[in-house]
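# Coordinates for the following, if possible.
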Amino acid sequence: MHQQWIWRRSVVAGFVLALTACSSPSDVQGVDGQNGKNASVRLVPEPPGTRCPQGGTAIQTGLDDNGDGSLNDDEVTQTSYVCSGGTNGKLGGMSLVRLLPEDAGARCASGGTAVLSGLDANADGIQGDAEVTSTQYICNSGDGKTGKAYLVKQLPEASGTNCARGGTAVLGGVDVNANGQLETTEVTTTQYACTTTALAETTGTNSLIRQDVEAPGANCAYGGTAVKSGIDSNANGTLDTNEVTNTTFVCNGRPGVDGKNGQTSLVRLDPEPSGANCTYGGTAVKTGLDLDGDKKLVDLEVSSTQFVCSAANLFRTKWASNPRGSYDSGEITNLWVPVSRRIWLYKTSDKSHIKLTVSDNFRVGIGNNGGSGVYSVRMNGSWVGCDARQHNWNSAGWNQNYHFPFANVCLTDELPKGLYEFEVWAYSHVGTSHIGQATFGSALLLAEELDGSNPYAFSKAGTSFGSTSTSPVKMTGREVTFVKKSASTLLKVTLADTLRVGYNQNGGYGTVMVRLDGVNTSCYTGKYDTQGTGGDFHNPFVMTCVLPNVSAAQHTLDVTLTATSGGAAHLGWERSNPLLLVEEIPNTGLTYSNVGIASGELSGGWAGVGTRQILHNVSAGKTVKVTYSDTFRATANCKGNWGFFQLYIDHQPTSCTNGQYAWNAGAVQDHHHPANLTCIIPNLTPGYHSFAIWSTTQNGDAGCGSNHFGWNRGQNLLMVEELP
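Here you go, the predicted structure:
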């Protein structure tokens, strides 16, 4: 099944604290030989408090009375505030403020400053021209006196008619009484920058500063330094061009007379700890003239200090997962419905991909023969190419009820950086479907950004393909060529596809393998189905493998299918696309076991499954991802009985579990299927912990039959990785 899909970018409001320092302007020429005074603006971080519950920016304005190019405390005549939005402890949409020089003209006879404000609608931290909803002007005086300046005042706007979720009211008017305050009677314009939908999860985002040489020209008549600042949105430690939100010019002085040179301007960047000036820390930008000519800006030469502050992100980056909870879907009919698995991830790069991992349980077509259903992950409400259909049928026409562990891994195309929403939807065809049974609230939807920090390559090519050959047949499309950078790293291989074996056989089986450079590997899995009559089971599956000791060179991985029992085997039926993904990962910060030993028959209460255990030293503050990839069969030779497996940590259950239930109206059951369990474990104490897989055949009763792990399986992979 090939779905047509489109993407659309979620709109989220972000907040970037932009600080604009004035360049060294020439004095405004006044009348009667007197110089006018320059209007000056200073932006100061406002910590959370009475004026701004979530923090924000204080906009201080006044005239530069002493002509030193800075707005000193005693020159501040008016202060207004742009506040961060949000309710109930969550941050909401924010306004951005940008200051631009205003040339002398109709709006300001002697020039001044244009204050541009508006909502950051596309959440890129940059105030684009289309986002400016208000432009006000602070004008220089023209007569050497205080003059009647145009003042701007910004006040918090409560939720109501003007702003449904609150925001900022921008008031402007002429200072008629020349008291430096914008009185109510002087307000001639009022505009609103309104808050958008609130979002949760705040983590720090660093601000960065870059200094570039500014050649003589329009910005600095005699040259100087362009101080560029912005938020490191892609977390690469470098202020990229598209991250620059503010540029301040620190200009050299006019060349002197009598053979003397003018004084050079200097800039010094000092780290600013978290505190009153910068809630999340940042950088103090100190400027001044090199009075003693030693090319160093000492404290006595500092004439201006402004702060470029790190901001609060509204979203987690690099990965996101749904929280633990009740994820039993109930009965799903022949209508598309969401099934309570939803996450948001902020993508930090235009060139990265998002890897989606699903660990769940899926039943289709209860009480029918030939029932099927679709498990779909949508992005921003649209199809993203992450659909997989499951199907059960038997030749005797018996009704059936099969709950099987379900897994899928998908990879998005390259998408612009921004916030994306992912949600699981489902559909049933013939009978009803059910999602989440046997997961006990641990069903997982995980999104991870693959940004190139670890090399990777993938293929989503390959159509639906069948074979009856009892020898391995290379599958179409499913091939990746990859250049491994280091001999000491590991290759993590993921194959996500849909598999049927032994069509219309009772006891049909087959094998899927990933080969390396045309050579067989331990990365293979089998599947087997017995139900008392001929059958047809198409089941989505994921196989995860670790291949160590692979040389640093170019390699090719491909996929083969073997219809071992001679019945028709099939890969890729009714899914958006298969995925073959290879990632080069460091052999540090993770622990794994990939032995290939079958468990034998296991029954009774909870007990460990042999060889499926490891010991990992958890780093402080890290969340771990546990991947368990194997084959599983529950309660052999029984009908209508559950078998379970679960992750135990330090010999204690984690409720990260899954199970299999098999029933039809005719015979006992025996189904060995691939299983791929993924768990997110937060808040472990630093130090060593044991991770193991346990199993039981009991479900509140004495149980029936036995479970089995590792049938016709190359690797029983158990791996612990620490997330960023």
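# List the residues that contact V550.
484, 487, 490-491, 516 (Cβ atoms under 8 Å, 6 or more residues apart in numbering). Glycine gets a C-beta too; all of them are placed from N, C-alpha and C.
# what's the farthest-apart pair in those residues?
Distances among the contacts of V550 were taken as Cβ to Cβ; the most separated pair is A487 and L516, at 14.4 Å.
# Comparing these two, which shows the higher neighbour count?
More crowded of A487 and L516, by other Cβ atoms under 10 Å: L516, with 18 against 10.
# quick one: the more buried one and V559 touch, right?
No - contact between L516 and V559 fails when scored by Cβ atoms under 8 Å: they sit 11.3 Å apart.
# what ranges do the helices span in the stretch 401-550 of the chain?
Remark: helices of the stretch 401-550 of the chain are absent; assignment by DSSP state H, counting those that start in this stretch.
# just so I have it, where are all the strands in it?
Ranges of strands in the stretch 401-550 of the chain, per DSSP state E, counting those that start in this stretch, are 418-429, 433-435, 444-450, 456-459, 465-467, 473-483, 490-500, 508-516, 524-530, 535-547.
# could those go into CSV alongside distance to L300 and mean pLDDT?
What follows is those, written out as CSV (distance: least, Cβ to Cβ, whole Å; pLDDT from 0 to 100):
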stretch, distance to L300, mean pLDDT
strand 418-429, 46, 94
strand 433-435, 70, 96
strand 444-450, 47, 96
strand 456-459, 54, 97
strand 465-467, 77, 94
strand 473-483, 56, 96
strand 490-500, 57, 98
strand 508-516, 67, 98
strand 524-530, 73, 98
strand 535-547, 61, 98
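# between these, which one is nearest to K351?
strand 444-450 (10.1 Å).
# which secondary structure elements does the closest one contact?
strand 319-321, strand 337-347, strand 353-363, strand 418-429, strand 670-681 (3 or more Cβ pairs under 8 Å, 6 or more residues apart in numbering; DSSP states H and E).
# who does the fourth one touch, helix- and strand-wise?
The helices and strands touching strand 418-429, judged by 3+ Cβ pairs under 8 Å, 6+ apart, are strand 331-332, strand 337-347, strand 353-363, strand 372-379, strand 433-435, strand 444-450.
# Same check on the shortest one?
With contacts defined as 3+ Cβ pairs under 8 Å, 6+ apart, the secondary structure elements packing on strand 319-321 are strand 337-347, strand 444-450.
# quick one: contacts for F404?
F404 touches 361-363, 390, 539, 660, 671, 673, counting by Cβ under 8 Å, 6+ apart.
# quick revisit: out of the helices and strands packed on strand 444-450, nearest to Q437?
strand 353-363 (5.4 Å).
# what's the angle from the closest one to strand 670-681?
Per axes from the mean of the first three to the mean of the last three Cα atoms, to 10 degrees, the angle that strand 353-363 makes with strand 670-681 is 130 degrees.
# Quick one: mean pLDDT over strand 353-363.
The average pLDDT for strand 353-363 rounds to 97.
# What pairs with that strand, parallel or antiparallel?
Strand 353-363 sits in its sheet next to strand 400-411 (antiparallel), strand 433-435 (antiparallel), strand 444-450 (antiparallel), going by DSSP bridges.
# Include mean neighbour count and distance to V244 when you put the helices and strands packed on strand 444-450 into JSON lines, please.
Converted to JSON lines, the helices and strands packed on strand 444-450 look like this (neighbours: other Cβ atoms under 10 Å; distance: least, Cβ to Cβ, whole Å):
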{"stretch": "strand 319-321", "mean neighbour count": "21", "distance to V244": "27"}
{"stretch": "strand 337-347", "mean neighbour count": "20", "distance to V244": "19"}
{"stretch": "strand 353-363", "mean neighbour count": "25", "distance to V244": "26"}
{"stretch": "strand 418-429", "mean neighbour count": "21", "distance to V244": "18"}
{"stretch": "strand 670-681", "mean neighbour count": "24", "distance to V244": "35"}
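# Tell me the backbone dihedrals of E75, please.
Recorded main-chain torsions at E75 are phi -100, psi -10, according to degrees, to the nearest 10.
# Can you verify my assumption that it contacts D65?
Yes - the pair E75 / D65 is scored as a contact, 5.4 Å apart, by Cβ under 8 Å.
# When those two are compared, which one has more neighbours?
A count of neighbours by other Cβ under 10 Å puts E75 above the other of E75 and D65, at 19 against 15.
# And the more buried one, how close does it get to A320?
E75 sits 47 Å away from A320, going by Cβ to Cβ, to the nearest Å.
# what do you get for V213?
Separation of V213 from A320 (Cβ to Cβ) stands at 41 Å.
# Please identify which of the helices and strands packed on strand 418-429 is closest to T463.
strand 372-379 (18.1 Å).
# Give me the buried stretch members for the closest one, please.
Within strand 372-379, the residues scored as buried using 16 or more other Cβ atoms under 10 Å are 372-379.
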